[in-house]
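Undergrad: Sharing a sequence plus its predicted fold:
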Amino acid sequence: MPELPEVETIRRALAPRIVGRMIVDAGAFASAKFTDAELTRGATFEAVDRRGKYLIARLDTAKDLVVHLGMTGVLRTADQRSTNDKFLRAWWHLDDGMFLEFSDVRRFGRVAVVANGHYEQLPTLHALGPEPLSNDFDASVFHRALNASNRAIKTQLLSQRPVAGVGNIYADEACWIARVRPQARTITKPGATRLHTAIREVLEDGIRRKGTTLRDYRTFDGNYGENQHHLRCYGRAGEPCDRCATILRKTVLDARTTTFCPVCQRS
DNA sequence: CGCAGCGCCTGAAGGC
DNA sequence: TGCCTTCAGGCGCTGC
């Protein structure tokens, strides 16, 4: 499940391969989630940016190609268009002969072409919180945002509103590092400050390790990330807490598996 | 307008 | 072996 570190890792490898390239042809799987890809024919890539988990390629046609990888989306290059991938959802043929392909088993991903900066038809992107690794991410604002709602802290992180780019894995990791209970509905100022720091830490570590590969995620070169070998909390229910040796517990929060330490994540 | 609840998807894994 | 059930979960949509 690509979150910010995975998408940023892909962006860094993707950008130098496609910026300056013109799209000779493009096609898509017959679903409204992907057919926008065809609207990029004839355009040239000017830049590849990222907001949260969204890749945003700026085109010279004053439009943005927005790609969300969903749960199982993979971007890759090919010399020839794949004919044996039944999960190919969109493809772009570039003027240097390369094919850029978007494969996505579960179709939770999405491709959209919109006027530059106009994300109204992508509500989560439109209302996206601050970039966690930028100066826009402020601990005091974050504290107030979390306490402005009565929803669980982790629920709010996953909503992408108080901060962008955090998904289930990095939410569990950040809450564990910050000693914040994911189910808590309020958070103290020190707790929010710890969480603010922890979010930056887990995302930076994730980028440094080129992402977390649990099953489907691959870097743009097709390799595994490395961060899955460094998880402190996610997926470790039943194992002892690295900090206090209490057995980590699993619960379900908003239909998502949540792992936490019942002793040292007090919040 | 915020948000709870649900549906979308399909392969892997486990039970029998 | 094979059928069935459960699980994984980000996000858009609906309706209260």
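TA: Here it is on my side, so go on.
Undergrad: close enough to count as contact, residue A:18 and residue A:59?
TA: No. If you go by C-beta atoms under 8 Å, residue A:18 and residue A:59 don't touch, sitting 10.7 Å apart. In short, each C-beta sits where N, CA and C put it, glycine included.
Undergrad: list residues touching both of the two?
TA: Here residue A:18 and residue A:59 share the contacting residues residue A:45, scored by C-beta atoms under 8 Å, 6 or more residues apart in numbering.
Undergrad: quick one, phi psi at the residue in the stretch 1-150 of chain A that DNA strand C sits nearest to?
TA: The stretch 1-150 of chain A approaches DNA strand C most closely through residue A:124 (3.0 Å), counting by C-beta to the nearest atom of the strand. Here is the backbone geometry of residue A:124 (degrees, to the nearest 10): phi -70, psi -40.
Undergrad: Surely it is in contact with residue A:160?
TA: Yes. Between residue A:124 and residue A:160 there is a contact at 5.4 Å, judged by C-beta under 8 Å.
Undergrad: Between these two, which is the more surrounded one?
TA: residue A:160 (20 against 15; other C-beta atoms under 10 Å).
Undergrad: need the contact list for the more buried one.
TA: Contacts of residue A:160 (C-beta under 8 Å, 6+ apart): A:52, A:53, A:124, A:127, A:128, A:129, A:166.
Undergrad: Go again with 10 Å.
TA: Counting by C-beta atoms under 10 Å, 6 or more residues apart in numbering, residue A:160 makes contact with A:51, A:52, A:53, A:54, A:124, A:125, A:127, A:128, A:129, A:166, A:167.
Undergrad: and what of residue A:218?
TA: Taking C-beta under 10 Å, 6+ apart as the criterion, residue A:218 is in contact with A:2, A:6, A:9, A:10, A:74, A:75, A:76, A:103, A:210, A:211, A:224, A:225.
Undergrad: Then residue A:258 would be within a strand, right?
TA: Yes. Residue A:258: assigned to a strand according to DSSP: H, G, I helix; E, B strand; the rest coil.
Undergrad: ok, what's across the strand from residue A:77?
TA: Beta-bridge pairing for residue A:77 (DSSP bridges): residue A:100.
Undergrad: so residue A:67 is in which element?
TA: Residue A:67 belongs to strand A:63-68 when assigned by DSSP states H and E.
Undergrad: Pairing partners for that strand, with directions?
TA: Sheet pairing for strand A:63-68, assigned by DSSP bridges, gives strand A:54-59 (antiparallel), strand A:110-115 (antiparallel).
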